[in-house]
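>>> what would the 3D arrangement of this be:
(2 chains)
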Amino acid sequence: MEINPFEYLMDPHRRIYWLFLLSSLMIAFVFLKFHPEQKRIVLSKKLWLHPSSLLDYSYFIFSILFRVMIILPVIISAKEVALFVNIVLLNQYGFVRIETFSYTQVMVLFTFILFILSDFTRYWLHRLLHFVPWLWVFHKVHHSAKVLNPLTFYRVHPIEFLLFGFRYSLSIGFVTGVFVFLFGSLVSIYDILGVNLFVFIFSLLGSNLRHSHIKLGFGNVIELFLISPLQHQIHHSKNHMNTNFGGFLSIWDYLFGTLILSNNITKIKFGLERTQMRNFKSLKDLLLFPFIVIYKQIKK
Amino acid sequence: MRYLVVIILFVSIVVNAVGEKFFNQVIIVNIMLAIKNVELLIDDINQSNSTRIKMQFGNLVSSWKKVETTYLLGDLNEDYLDIPRYIDIFHGNNEDIKPQLDLIINSNDELFNAMYKYSHKTINALEYILFTKDLFHPRVKNMALIIAKSIKNYLLEILDGYKMYQSKFLESEQYASAILLNTLIAGTYKLKEWRVGDVAGLSKKFKNKPNNYRAEYATSGNSVNAIKAILETQVQVINSPDYQDFGDISRQFKARKEIDQAISALNDSIANANNMSEFDFINDKGKLLYQSTNRLMKAYYISLMDKLGFVSKVLDADGD
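From the prediction side, this is the model:
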């Protein structure tokens, strides 16, 4: 497993894969052509060298280290989950093989269901991080960013990394185990560079603008289905933090009553309340403060 | 959009399958051997040579299991999906054909009409006739010939089918590889659970109720012979020195550990099977074979999961 941060630019499974950064940059370029008034903020040195941004950069480097050394060794892999699910189903129901679906149909179905289920579980874990008090303590780290840049995506407490790692393994492993049980080795995905086709396409469509100051909305109709960068920025605002939890799709927010369309919001102020912001000023704060809070709560 | 489709197709095609040599040296050779064996059996039945008949039946069982172990024709064209069921009804049919065959022997009905069910013309029916009935009885002999000729016709149909769909198998290596692995997995599950577990009383269905007579060819004593043939065919698929096989491809795709585990479990299974007689299913030898074939099945599943590269990944902090 890599420790080199530049690997993140070369791996299509990463949010900051060079192609996704480039596509976001191109979208931003076109957007700013039509909205020159936003250029001043987006291109300002103040934004990119803001203490919050500098903290994001250093935390990103640190997060690579703890990911490789602490988190990956303890996370059960999706492969193990898939194998477990498959064996349980075999023991329970015996050998089943559906032969009425073609290879192509199985691939389309698997690719689609993986994407949908993965996005659905992301929504719910993200929502739980906001609504379960002891989880919110850890998720606050991500929301403590005063300004946004693509690396803010990685401003995530190790505990949250762990939770999302388990989410991935459990959801992907479960679907894969069921599909392998039903279709055996006909299971495969439509991918681009090894990445689920849907994930790749949605990542190309400006995923890095979600953590930026480019106020790009998709309009009322599209935003019922897809989260726009502006909708995610609204999620980062102090007043609308408990809305727009979606990853790629906004239908979950729509269905479960947490959706806000970008046209309805005019003022966005990132970060937490002033009193809380002072607790997240350094790398040490980001890592230790949640534990201190929990310790104090337990002690009470 | 067209470019996008081309890119998608390009990057999703992974060259990871077995090729023409495998097709000709395993699939075609095995089916031709089965045809030759059934023809020899027909000659032996015609000559009523009971010693040779029994030996030749064993050869037919062995070669048919080889064909069945890599039976891909149903995937290439679903019209061929049921042919194995017309040859072999082990575990696929709830009816007891023995009393039905007895009735046919004892009746005066025209055999062509009396033997109207496909199950009357399977290798399992042939075993019952050849090993429990008097072949000097003309009606029994005729029944044996009808069955053997029916099996031969189905085997010829399989050979023709493979020749017809060879290009389809070879045109998409990814697809060929997928259906081959599927066949291996299905075959290994049936071997472990039906052919060993049910007999040894280790399967869920017959837990702690071992019974040697539940074995696939208990009447003729060819059950271990059949198991060895299945395992030998798997060696042809994953560990052959003569052509690029599934194991070679897996190594190229960095699944060396997984395929080595499968080969090790396969070798153990072969050693365990070689160490067994027909009456050993219900003792420790049967248990050992069950365990090694169980390991083999798991190894295949792990290889399958590995082919799905994304299942090993742990993504970024993906909650946003």
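>>> from memory A:K238 sits against A:T275, does it?
No: contact criterion CB atoms under 8 Å: A:K238 and A:T275 do not qualify, at 11.9 Å. Quick note: C-beta positions are derived from backbone N, CA and C, even for glycine.
>>> of these two, which one has the most company?
The residue with more neighbours, out of A:K238 and A:T275, is A:K238; 16 against 7, by other CB atoms under 10 Å in any protein chain shown.
>>> residues touching the closest residue in space to the more buried one that isn't next to it in sequence, list them.
Nearest non-adjacent residue to A:K238, counting by CB to CB, 6 or more residues apart in numbering or on different chains: A:K269, 5.2 Å away. For A:K269, the contact set (CB atoms under 8 Å, 6 or more residues apart in numbering or on different chains) comprises A:237-239.
>>> quickly name whichever of these is closest to chain B.
Nearest to chain B among these is A:S237, at 14.1 Å by CB to the nearest CB.
>>> my read: the closest one touches A:L272, true?
No: A:S237 is not in contact with A:L272 according to CB under 8 Å; the separation is 10.7 Å.
>>> please name the nearest non-neighbouring residue to residue 148.
Going with chain A. Using CB to CB, 6+ apart, the closest residue to A:L148 is A:H211 (4.3 Å).
>>> look at chain B instead
B:I42 (4.9 Å).
>>> B:R295 too?
Once flanking residues are discounted, B:R295 sits nearest to B:A265: 4.0 Å by CB to CB, 6+ apart.
>>> give me the element the one you found is part of.
Here B:A265, judged by DSSP states H and E, is contained in helix B:256-274.
>>> run a quick neighbour tally on the residue nearest to A:L148.
Applying other CB under 10 Å, we find 26 residues neighbouring A:H211.
>>> and it, how far from B:N46?
From A:H211 over to B:N46 the distance is 82 Å, taken as CB to CB, to the nearest Å.
>>> what of A:E80?
Using CB to CB, A:E80 is found at 57 Å from B:N46.
>>> looking at the two, which is more packed in?
The neighbour comparison of A:E80 against B:N46 (other CB under 10 Å) goes to A:E80, with 17 against 12.
>>> mind listing what that one touches?
Here A:E80 is in contact with A:169, A:173 (CB under 8 Å, 6+ apart).
>>> I figured B:L81 hits A:R97, correct?
No: the pair B:L81 / A:R97 is not scored as a contact, 11.0 Å apart, by CB under 8 Å.
>>> quick one: mean pLDDT for the helix or strand that contains A:L182?
A:L182 is part of helix A:158-183 when elements are defined by DSSP H and E. Mean per-residue pLDDT for helix A:158-183: 91.
>>> could you do stretch A:113-121 as well?
Rounded mean pLDDT across stretch A:113-121 is 94.
>>> cool, stretch A:101-110 as well?
Here the average pLDDT along stretch A:101-110 is 88.
>>> and that stretch, how far out from the chain's middle?
Relative to the centre of its chain, stretch A:101-110 is centred 27 Å away, using CA atoms, centre = their mean, to the nearest Å.
>>> for it, buried residues please.
Of the residues in stretch A:101-110, A:103, A:106-107, A:110 count as buried by neighbour count, 16 or more other CB atoms under 10 Å in any protein chain shown.
>>> near chain B, anything from that stretch?
Yes: Stretch A:101-110 reaches chain B (CB under 8 Å from any CB of the partner chain) through A:Y103.
>>> who touches that stretch?
A:175, A:179, A:183, A:186-190, B:175, B:178.
>>> among those residues, the buried ones, what's the PyMOL command?
Buried members of the contacts of stretch A:101-110 can be picked out in PyMOL with the line below, counting by 16+ other CB under 10 Å:
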select buried, (chain A and resi 175+179+183+186+187+188+189+190) or (chain B and resi 175+178)
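>>> in CSV, list the contacts of stretch A:101-110 along with distance to B:W64.
Formatted as CSV, the contacts of stretch A:101-110 follow (distance: CB to CB, whole Å):
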residue, distance to B:W64
A:V175, 37
A:F179, 31
A:F183, 26
A:L186, 25
A:V187, 29
A:S188, 31
A:I189, 36
A:Y190, 38
B:Y175, 26
B:A178, 24
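>>> reformat the buried residues of stretch A:101-110 as a markdown table; add secondary structure.
Putting these into a markdown table (DSSP: H, G, I helix; E, B strand; the rest coil) gives the following:
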| residue | secondary structure |
| --- | --- |
| A:Y103 | helix |
| A:V106 | helix |
| A:M107 | helix |
| A:F110 | helix |
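>>> list the buried residues of whichever strand or helix holds A:L65.
Here A:L65 sits within helix A:51-66, counting by DSSP H and E. Residues of helix A:51-66 classed as buried: A:52-53, A:55-56, A:59-60, A:63-64 (neighbour count, 16+ other CB under 10 Å).
>>> what's the average pLDDT for whatever helix or strand comes next after it?
Downstream of helix A:51-66, the next assigned helix or strand under DSSP H and E is helix A:72-74. Averaged across helix A:72-74, pLDDT comes to 73.
>>> cool, stretch A:279-296 as well?
Here stretch A:279-296 scores 92 as its mean pLDDT.
>>> what sits up against that stretch?
With CB under 8 Å, 6+ apart, stretch A:279-296 has contacts from A:51, A:55, A:58-59, A:62, A:134, A:137-138, A:140-141, A:144, A:155, A:157-159, A:272.
>>> alpha carbons of it, as PDB, please.
Provided in PDB are the C-alpha atoms of stretch A:279-296 (Å, rounded to 0.1, in the frame of the first residue of the first chain):
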ATOM      1  CA  ASN A 279     -11.100  23.700  19.000                       C
ATOM      2  CA  PHE A 280     -10.000  22.700  15.500                       C
ATOM      3  CA  LYS A 281      -7.000  24.900  14.800                       C
ATOM      4  CA  SER A 282      -4.200  22.400  14.600                       C
ATOM      5  CA  LEU A 283      -3.400  18.900  13.400                       C
ATOM      6  CA  LYS A 284      -3.300  17.800  17.000                       C
ATOM      7  CA  ASP A 285      -6.700  19.400  17.600                       C
ATOM      8  CA  LEU A 286      -8.300  17.600  14.700                       C
ATOM      9  CA  LEU A 287      -7.000  14.300  16.000                       C
ATOM     10  CA  LEU A 288      -7.400  14.600  19.700                       C
ATOM     11  CA  PHE A 289     -10.300  17.000  20.400                       C
ATOM     12  CA  PRO A 290     -13.000  14.500  19.700                       C
ATOM     13  CA  PHE A 291     -11.500  12.000  22.100                       C
ATOM     14  CA  ILE A 292     -11.200  14.700  24.800                       C
ATOM     15  CA  VAL A 293     -14.900  15.600  24.300                       C
ATOM     16  CA  ILE A 294     -15.900  11.900  24.600                       C
ATOM     17  CA  TYR A 295     -13.700  11.400  27.600                       C
ATOM     18  CA  LYS A 296     -15.300  14.400  29.300                       C
END
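>>> nothing else from me, thank you.
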